[in-house]
Structures are given as structure tokens and as C-alpha cells.
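In: show me the folded form of this:
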Amino acid sequence: MYALPTGSKARAIAAIPAMAGNYLVVGDGGKAWRLDDTTVAEEPIEGVDAALNAAWVSPEGVWFVAGASSTIARRDDKGWVVDQSVAPQTLTFRALGGSSAKDVWAVGKDKAAWHFDG
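Out: Numbering: from 1, shown residues only. I've put the predicted structure just below:
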């Protein structure tokens, strides 16, 4: 059994295909964690404090997260990048999915939709 830090609330989980037995978990306060067979490690996303509602990992191993306040971020081997282009800043994304790291969709409340094409 895994235990997130005290007071943390998980909202979504995604398997990390390139890392068998590893999972990406996201939650309140812009928090993200990587779980493996024995540990929980925080994956800080600088500048993100909105609730994260969705997580998805591409077959290539690029991590994507989405949530409140139009928050979209992705992590590759160079680190996290927060997408500042999503407007208005009041959208709430609830789900992520795609076919590759260059074809990703986020959808949410009030017909919100975002597409990333690399």
C-alpha cells in the first residue's frame, strides 16, 4: 500500500509504460507524485498550484497533467513545461488522452477542449 504525504489528496493516476510498475499520481495544490514498487516521490511542477484532475503518459514516456485554472503541463527527459497558451485561465480540465506525445487532448467542464500536436 502507498501513502501520499499527510494532507495530500489524489485525483487521478496513470501508468508509466516505459517504467514498468511505476505510476503518475496527481492531486490538489498542483502536486504530482511518481509511485514505484516501494516509494512515493514528489515530482514538483514549478509555478503550478491549481488542482490537477487528470494524468496521462504517452507511449514515448512523456507525462501530461491537466486541471483547474486552465493548467496543462508536460514532462519529458528535460523536465516539466507548463503551457501558458491556454485561455481563458478559468477552464477546468477533467481528462487527458491521446495516441502519442504529439497528439494529446484535454477535455473538461463547459465544453473545454485543448489539443497538443507537438
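In: hey, which strand is longest across the chain?
Out: Assignment by DSSP state E gives strand 93-100 as the longest strand of the chain.
In: residues in contact with that one: which ones?
Out: Strand 93-100 is touched from outside by 53-56, 58-60, 64-68, 70-72, 104-109, 112, 114, 116, with contacts defined as C-beta atoms under 8 Å, 6 or more residues apart in numbering. Yep, even glycine has a C-beta here, placed from its N, CA and C like the rest.
In: repeat that for 10 Å
Out: 11-12, 14, 26, 50, 52-60, 62, 64-72, 86, 103-109, 112-118 (C-beta atoms under 10 Å, 6 or more residues apart in numbering).
In: filter those to the buried ones?
Out: 11-12, 14, 26, 50, 52-58, 62, 64-72, 86, 104-108, 112, 114, 116 (16 or more other C-beta atoms under 10 Å).
In: pairing partners for the next helix or strand after the longest strand of the chain, with directions?
Out: Past strand 93-100, further along toward the C-terminus, the next helix or strand under DSSP states H and E is strand 103-108. When pairs are called by DSSP bridges, strand 103-108 turns out to pair with strand 93-100 (antiparallel), strand 113-116 (antiparallel).
In: just the residues contacting strand 103-108, thanks.
Out: 53-54, 56, 58, 62, 64-68, 70-72, 74, 83, 86, 91-99, 112-118.
In: now with 7 Å, please.
Out: 54, 64, 66, 72, 91-98, 113-117 (C-beta atoms under 7 Å, 6 or more residues apart in numbering).
In: pLDDT (mean, whole number) over that strand?
Out: The pLDDT scores in strand 103-108 average 96.
In: that'll do, ta.
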